[in-house]
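**Student:** From the sequence below, what's the structure:
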Amino acid sequence: MTSTPPADLAALRADIDRIDSAMHDLLMERGRIIDRLIAVKKTSASGSAFRPGREASMMRMIAERHKGLLPLDTVEGIWRVIIATFTYVQAPFAVHADVSGGDAPMRDSARFHFGFTVPYRPHPSAAAVIAAVAASRGDLGVFRLDQGVTAGAWWRQLAGPGRPKVIARLPFIERPGHPAGTPVFCIAKPLDDPNAAQRDWVLYAARFDRWREDAAEAVSELGGEIVASAGVSGGLSQLLALPGPVSPEEAQAALAEAGAAPGAFEEIGSHAARFRVEAA
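**Tutor:** Predicted structure coming up:
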């Protein structure tokens, strides 16, 4: 014979059911608002709904205000699925991933940040990901920051008008033991709205005749860092990350004095400042 649960336990379960129904109602309401948003913004074309700056701000706000029993991993994952899926509903897209260093970490990153509704497309290199995004209507691409020497100067393929650009560095929230903690760049075709990009950090491709300590010092004095270097025909190409307030003219002048090749300094994207929280 099944015993009747205590009144307080039954009331708590009723509260949980009420909250679950309210959450579902809010998701459906969000869907109705997105439907109206599509009509207003006319974002039926693929790839035109990305707002990386807004997403970075939302994730940071969630991390800062979160407290209680539920792990931040779960909260972040839920919000990422909600944001990415509603973006996909507005303008369908796929995520292309470089799996040259292994499929598992890239698949984890793609699924954590973009959910299971968004198609996942593996590729053998960062160059192949860039080519796939360039050939798409509006897909995203992800690849590791630490590509290694054999990848070459892949960032040069992001240089030039109309070429894909870095729009984000993931994860938005860094912390020990993150379930999708592999640092990756996210790329897309140039965004329709320049204000949608976050420019806390701006990435540049620069070329030198060889490795120069004074160039490294110039980057450091500008408050930036050398993300990667690779040999190219006639010299050395470097991927530089500089603070957003540093103007392209200021950066180019400082690097020219340090030996940068004339005309070989191009912006290849930008991303939000890194945000780190300590483990709970």
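**Student:** And the next helix or strand past the longest strand anywhere in the chain?
**Tutor:** Across the chain, the longest stretch assigned as strand under DSSP state E is strand 260-271. Going down the chain from strand 260-271, the next helix or strand is strand 275-276, by DSSP states H and E.
**Student:** before we move on, back to that, got the CA coordinates for the longest strand of the chain in CSV?
**Tutor:** Backbone C-alpha positions of strand 260-271 (Å, rounded to 0.1, in the frame of the first residue of the first chain) are rendered in CSV as follows:
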residue,chain,number,x,y,z
ALA,A,260,56.7,45.6,-39.5
ALA,A,261,56.4,45.3,-43.3
PRO,A,262,54.7,48.2,-45.0
GLY,A,263,51.0,47.5,-45.7
ALA,A,264,51.2,44.2,-44.0
PHE,A,265,49.0,45.0,-41.0
GLU,A,266,45.3,44.1,-41.2
GLU,A,267,42.5,43.7,-38.7
ILE,A,268,41.1,40.1,-38.6
GLY,A,269,38.4,40.4,-35.9
SER,A,270,37.7,41.2,-32.3
HIS,A,271,36.2,39.8,-29.1
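**Student:** contacts for it?
**Tutor:** For strand 260-271, the external contacting residues (C-beta atoms under 8 Å, 6 or more residues apart in numbering) are 52, 56, 155, 158-160, 163, 165-169, 185, 187, 197-209, 215, 235, 239, 244, 248, 251-252, 255-256. Yep, even glycine has a C-beta here, placed from its N, CA and C like the rest.
**Student:** mean confidence score for it?
**Tutor:** Mean per-residue pLDDT for strand 260-271: 88.
**Student:** now stretch 52-59
**Tutor:** Stretch 52-59 comes out at a mean pLDDT of 92.
**Student:** For this structure, which segments count as helices?
**Tutor:** Here the chain has its helices, by DSSP state H, at 7-41, 52-65, 72-90, 103-114, 126-135, 213-221, 248-257.
**Student:** Pick out the residue nearest the middle of the protein.
**Tutor:** Nearest residue to the geometric centre of the chain (C-alpha atoms, centre = their mean): residue 168, 3.1 Å.
**Student:** Residue 162 and residue 194, how far apart?
**Tutor:** Distance of residue 162 to residue 194, given as C-beta to C-beta, to the nearest Å: 14 Å.
**Student:** Quick one: neighbours of residue 125, just the number.
**Tutor:** 17 (other C-beta atoms under 10 Å).
**Student:** Distance of it relative to residue 132?
**Tutor:** 11 Å.
**Student:** Distance check, the closest residue to residue 195 other than its chain neighbours against residue 108.
**Tutor:** Leaving aside its sequence neighbours, residue 195 sits nearest to residue 53 (C-beta to C-beta, 6 or more residues apart in numbering; 7.6 Å). Distance, residue 53 to residue 108, using C-beta to C-beta: 24 Å.
**Student:** Report the contact partners of residue 198.
**Tutor:** 52-53, 56-57, 168, 270-272.
**Student:** Which two among these are spaced furthest apart?
**Tutor:** Farthest pair in the contacts of residue 198 (C-beta to C-beta) is 57 and 270. Separation: 14.4 Å.
**Student:** Would you mind telling me which of these two has the busier surroundings?
**Tutor:** Shown here are residue 57 and residue 270; by other C-beta under 10 Å, residue 270 has more neighbours (23 against 15).
**Student:** So in terms of bridging, what pairs with the more buried one?
**Tutor:** Beta-bridge partners for residue 270, by DSSP bridges, are residue 202.
**Student:** For it, give its distance to residue 21.
**Tutor:** Applying C-beta to C-beta to residue 270 and residue 21 gives a distance of 41 Å.
**Student:** ok, back up a step: let me know the angle separating the longest strand of the chain from helix 248-257.
**Tutor:** 140 degrees (axes from the mean of the first three to the mean of the last three C-alpha atoms, to 10 degrees).
**Student:** how far off helix 52-65 does strand 260-271 point, in degrees?
**Tutor:** 60 degrees.
**Student:** residues of strand 260-271 that come out buried?
**Tutor:** Neighbour counts over strand 260-271 (16 or more other C-beta atoms under 10 Å) mark 260-261, 264-271 as buried.
**Student:** now do stretch 151-165
**Tutor:** Under the neighbour-count criterion of 16+ other C-beta under 10 Å, stretch 151-165 has 151-159, 163-165 buried.
**Student:** same deal with stretch 108-127?
**Tutor:** In stretch 108-127, counting by 16+ other C-beta under 10 Å, buried: 109-115, 118, 120-123, 125-127.
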